[in-house]
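Peer 1: After the sequence you'll find the predicted model.
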Amino acid sequence: MSADRLTSAHWYPGLSLGVVMLATTAILALGQAGTADRIAQAVADDSRQQLEQILPAGYADNNLLADTLTLAGPDGQPLVVHRASKQGVLRAVLYEMSGHGYGGRIVLLMAVDTDGRIVGVRVTRHNETPGLGDRIEVARNDWIRAFDGKSLQQPTPAHWSVKKDGGDFDQFAGATITPRAVVGIVRQGLEFFVAHRDELLGQTGGQQEKRS
Amino acid sequence: MSDSPSLRHITRDGLWDNNVVLGQMLGLCPTMAVTSSATNGLGMGLATTAVLVLSNVLISALRAWVVDAVRIPVFIVLIAGLVTLVDISMNAWFHDLYKVLGIFIALIVVNCAVLGRAEAFASRHPVSLAALDGLVTGVGFTVALVAMGAVREITGAGTLFANAHLLLGQHFAFLETKVLPADTGALYMILPPGGFLVLGLLIAGRRWLQKQIDKRTADVAVAAAAH
């Protein structure tokens, strides 16, 4: 059979491997090109949803992804701040804060209104122990909602810690380090707000300028 | 090439006799990593099953053109390419599902069970049998992972199928059950030591069961011979 003669030729193994690699690479390149736009779109949708789900329904009517400003964060890295406004009036700023938990970095997204009160906090990335520290996720536990409405005045800075440390916030049975870390990060986020209040709330973005 | 095995034999092999995890002890890295809950085990099992069927079919279809000298690199390239393709397609078209299963997909490349079935079965048998083999091997893998996840989740967290709705949709929220009161679980069961412990116990359990079955069939044979 000619197929047998072909596959037993001394050049066949190398060539066939090369062809398989070329074909696979070509298909992957096509697949990448064909899906890149959709993936970018899906990722953008995701971040918009993530920003919106932290705010109560109807809280803002602007495009949170478009109205942003960049400041130097507490760690010296640039920090992107999204601004939520309704009918051109700035209502809240949203930004990420991070710190170290029990299993690594914990990243929170927080929304703070113009009076420095928390509108909402969500954990976006963490490495905490499954079934224990992961109760900081809103999908698993309502604990993270305890921050809603809190500010550095209410409770006072001395009470910005878990109950075990004399503060106002619950820890979890069997897990103190994770909630303690989250409380610390949220508090750091509020301190960032107070320190940069004028820059955060100052000259509002495109939308308001257009209206005035 | 060898004779075609019967459908019954392939099914039995994949599900029990040569169950990837409990019999052949392949793919233990993803097995340990994801079975902290039954839902995670199910997600990993389903994703692996899909890849197993596709890779078995692809490799079986090309088997006449793949020569022995380069078969392993060819299989690896094909499997890695396939998994990557599944990964980006899911990310693009089933983005919500991808957010749940995404972490598992990349792990499938390092699952030696996929290469194992390509080498041991798909490269020697026709496409239809290879597809069946991929399916039952995948189902066997899924059953082992769900069993392991269930034992670890019940003993470690006191729940069963927690967060199943994230994987299967709201209709399956009824699967989520609380077995033990909150915070009574032994946490180490969902940490790495629990993985080794439960895997060992499941493998021992399977062998014990197999021994009982062997003994019974031997007794029946002896009884039949005595007649």
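Peer 2: Happy to help now that I have it.

Peer 1: Name the residue closest to the centre of the chain, please.
Peer 2: In the absence of a named chain, this looks at chain A. Chain A has residue A:124 as the residue nearest its centroid, 4.3 Å off, counting by Cα atoms, centre = their mean.

Peer 1: wait, chain B
Peer 2: residue B:141 (1.6 Å).

Peer 1: Wait, a helix at residue A:119?
Peer 2: No. Assessed with DSSP: H, G, I helix; E, B strand; the rest coil, residue A:119 is strand; it does not lie in a helix.

Peer 1: Return the distance of the spatially closest residue to it that is not a sequence neighbour relative to chain B.
Peer 2: Computed as Cβ to Cβ, 6 or more residues apart in numbering or on different chains, the closest residue to residue A:119 that is not its neighbour in sequence is residue A:111, at 4.0 Å. All C-beta spots, glycine's among them, are computed from the backbone N, C-alpha and C. Separation of residue A:111 from chain B (Cβ to the nearest Cβ, to the nearest Å): 22 Å.

Peer 1: Tell me which helix or strand comes right after the lengthiest helix in chain A.
Peer 2: Selection of the longest helix in chain A by residue count, based on DSSP state H, yields helix A:12-53. Proceeding N to C from helix A:12-53, the next assigned helix or strand is strand A:68-72, under DSSP states H and E.

Peer 1: list the buried ones in that next one?
Peer 2: Residues of strand A:68-72 classed as buried by neighbour count (16 or more other Cβ atoms under 10 Å in any protein chain shown): A:69, A:71.

Peer 1: So what's the gap between the longest helix of chain A and the chain middle?
Peer 2: 24 Å (Cα atoms, centre = their mean, to the nearest Å).

Peer 1: Residue B:138 and residue B:48 touch, don't they?
Peer 2: Yes. Residue B:138 lies in contact with residue B:48 (Cβ atoms under 8 Å); the separation is 5.8 Å.

Peer 1: Please point out which parts of the strand or helix carrying residue A:107 sit buried.
Peer 2: In this assignment (DSSP H and E), residue A:107 forms part of strand A:105-113. For strand A:105-113, the neighbour count (16+ other Cβ under 10 Å) marks A:106, A:108, A:109, A:110, A:111, A:112, A:113 as buried.

Peer 1: low-confidence ranges in the chain?
Peer 2: You didn't pick a chain, so chain A it is. For chain A, the stretches with pLDDT under 70 are A:1-2, A:130-131, A:203-212.

Peer 1: my bad, chain B
Peer 2: B:1-3, B:182-184.

Peer 1: Where is the longest strand in chain A?
Peer 2: Ranked by number of residues, the top strand in chain A under DSSP state E is strand A:89-100.

Peer 1: by contact count, what packs against that strand?
Peer 2: strand A:78-86, strand A:105-113, helix A:177-195, helix A:197-201 (3 or more Cβ pairs under 8 Å, 6 or more residues apart in numbering or on different chains; DSSP states H and E).

Peer 1: what packs against the longest helix of chain A?
Peer 2: strand A:118-125, helix B:71-93, helix B:95-108.

Peer 1: ok so, going back, name the strands paired with the strand holding residue A:107 and say parallel or antiparallel.
Peer 2: strand A:89-100 (antiparallel), strand A:118-125 (antiparallel) (DSSP bridges).

Peer 1: Who is the residue nearest to residue A:119 paired with across the strands?
Peer 2: residue A:94, residue A:120.

Peer 1: what sits against it?
Peer 2: A:54, A:55, A:84, A:92, A:93, A:94, A:118, A:119, A:120, A:121 (Cβ atoms under 8 Å, 6 or more residues apart in numbering or on different chains).

Peer 1: The third one touches residue A:94, doesn't it?
Peer 2: Spelled out, that is residue A:84. Yes. Between residue A:84 and residue A:94 there is a contact at 6.4 Å, judged by Cβ under 8 Å.

Peer 1: so what sits against both of those two?
Peer 2: Overlap between the contact sets of residue A:84 and residue A:94, as judged by Cβ under 8 Å, 6+ apart, is given by A:51, A:55, A:64, A:111.

Peer 1: The last one and residue A:120: what is the separation?
Peer 2: From residue A:111 over to residue A:120 the distance is 5 Å, taken as Cβ to Cβ, to the nearest Å.

Peer 1: How much space separates residue A:141 from residue A:182?
Peer 2: From residue A:141 to residue A:182 the distance is 12 Å (Cβ to Cβ).

Peer 1: more crowded one of those two?
Peer 2: The residue with more neighbours, out of residue A:141 and residue A:182, is residue A:182; 26 against 12, by other Cβ atoms under 10 Å in any protein chain shown.
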